[in-house]
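**Student:** Model the following, please.
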Amino acid sequence: MKYGVDKICKAQFQTPEPNILFTPFGQLSQDILFWSTMGISRSYNIFMGLMEVIPALLLLHKKTRFLGLLIAIGVLIHIIAINFSFDISVKIYSIFLFVLACICISPYLNSFKEFIFSGKATSFFQEKKLESFSPSFTFGLKIFAIGFIFLESLFPYIQQWNFKNDNSPRPFLHGAYEVVSFRNTNNNEEESTIPFKRFFIHKNGYIIFQSETDEMKDYKLKIDQQKEEIIVIDYKEDQGKHFIFPFQLNLKDSIISLQYQPQKIMTCKVLDWKKMPALQNEFHWVIEEIK
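**Tutor:** Take a look at the predicted model:
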């Protein structure tokens, strides 16, 4: 239920961040490629989410539990294949869930075998009563357990009343920026080399610099809007060391100017990363329609 709802609300496979979209295809690892491709398609997320929510609902009632387990096992086999094929690092956990589903379906196997091979009408659900408790207590216990499952799955989205992760608020300056000039303020001449060709503001509070060779380097980020300062914090090599880049944002021309060094100004253009081909919701019935 939890994983299904997360897919429907695009909280598991999210729209790729700008730095991923501007990274050359061959430099991305297999798991990031798969995760990013899944995040591009809203409809496939809804489909995969329903394929997990539906069996979760079927598991809640004894008369539909066998069907729910069959669907769940099929879904989990598919997930295990994906995890191994794209080197996604939840292989043991997905296998564990698959084993649990197999254990849960085992009491039904004799009835299923009898139905398949003999054609006899049979019951696929096991009636198990909690003899030690009153019917009202048992009913209340079931309602509590089911309510807890729904609460865990839906509460984060109900709390914010946001059922699509793409609509979640993004930090100030979130996006992609390309360096268009790097000049020395003393003589107002262009520098022959630039420190990086693009930088990206990540939604999780990081700034990522892309070099001319497409190497990515990330730092933690704080933005002081009142002082108009970007504070870059090195959290890897030299923990705690930080750099301050005063900036000026020109929304009209989609330009941001950074004081990269005391006497050097870097002018960057805001890139409209949402218009990149990978994010366009196109539809073609036949290959001849693709240009």
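**Student:** now the closest residue to A11 other than its chain neighbours: how far from V90?
**Tutor:** Counting by C-beta to C-beta, 6 or more residues apart in numbering, N165 is the residue found nearest to A11 once chain neighbours are left out, at 4.7 Å. Using the backbone N, CA and C atoms, a C-beta is placed for each residue, glycine as well. Noted for N165: a distance of 19 Å to V90, by C-beta to C-beta, to the nearest Å.
**Student:** out of the two, which sits in the busier spot?
**Tutor:** With neighbours defined as other C-beta atoms under 10 Å, N165 and V90 compare such that N165 has more, 18 against 14.
**Student:** what does the model give that one for pLDDT?
**Tutor:** Listed pLDDT for N165 reads 90.
**Student:** Quick check, it in contact with F13.
**Tutor:** No. Using C-beta atoms under 8 Å, N165 is not in contact with F13; the gap is 9.3 Å.
**Student:** got a list of contacts for stretch 258-271?
**Tutor:** 18, 22, 175-186, 191, 194-195, 198-199, 230, 245-247, 254-257 (C-beta atoms under 8 Å, 6 or more residues apart in numbering).
**Student:** Buried residues of it, list them for me.
**Tutor:** Of all the residues in stretch 258-271, those buried under the rule 16 or more other C-beta atoms under 10 Å are 258-260, 265-271.
**Student:** cool, stretch 64-83 as well?
**Tutor:** For stretch 64-83, by 16+ other C-beta under 10 Å, it's 64-66, 68-73, 75-76, 79-80, 83.
**Student:** Just give me the closest of those residues to M51.
**Tutor:** Nearest to M51 among the buried residues of stretch 64-83: V75, at 5.5 Å, using C-beta to C-beta.
**Student:** Downstream of the helix or strand where that closest one lies, the next helix or strand is which one?
**Tutor:** Using DSSP states H and E, V75 maps to helix 65-85. Using DSSP H and E, the helix or strand that follows helix 65-85 towards the C-terminus is helix 91-105.
**Student:** Show residues contacting that following helix.
**Tutor:** Counting by C-beta under 8 Å, 6+ apart, 65-66, 69-70, 72-73, 76-77, 79-80, 83-84 sit against helix 91-105.
**Student:** Let me know the closest of these to L154.
**Tutor:** For the contacts of helix 91-105, the minimum distance to L154 (C-beta to C-beta) is 19.6 Å, reached by A72.
**Student:** returning to that earlier point: of the buried residues of stretch 64-83, which pair is most distant in space?
**Tutor:** T64 and N83 (27.6 Å).
**Student:** what number of residues lie near the spatially closest residue to G39 that is not a sequence neighbour?
**Tutor:** Once flanking residues are discounted, G39 sits nearest to F13: 4.3 Å by C-beta to C-beta, 6+ apart. Using other C-beta under 10 Å, F13 has 22 other residues around it.
**Student:** Checking F13 next. Helix, strand or coil?
**Tutor:** coil (DSSP: H, G, I helix; E, B strand; the rest coil).
**Student:** from the buried residues of stretch 258-271, which ones fall inside strands?
**Tutor:** 258-260, 265-271 (DSSP state E).
**Student:** any idea how far the spatially closest residue to H242 that is not a sequence neighbour lies from F247?
**Tutor:** Among residues not flanking H242 along the chain, I233 sits closest, at 4.5 Å (C-beta to C-beta, 6+ apart). Counting by C-beta to C-beta, the gap from I233 to F247 is 16 Å.
**Student:** repeat for V90
**Tutor:** When C-beta to C-beta is the yardstick, V90 and F247 sit 39 Å from each other.
**Student:** ok, back up a step: take the ones in strands among the buried residues of stretch 258-271 and lay them out in a markdown table including distance to S111.
**Tutor:** Output for these, formatted as a markdown table (distance: C-beta to C-beta, whole Å):
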| residue | distance to S111 |
| --- | --- |
| L258 | 69 |
| Q259 | 74 |
| Y260 | 72 |
| I265 | 76 |
| M266 | 71 |
| T267 | 73 |
| C268 | 67 |
| K269 | 67 |
| V270 | 63 |
| L271 | 60 |
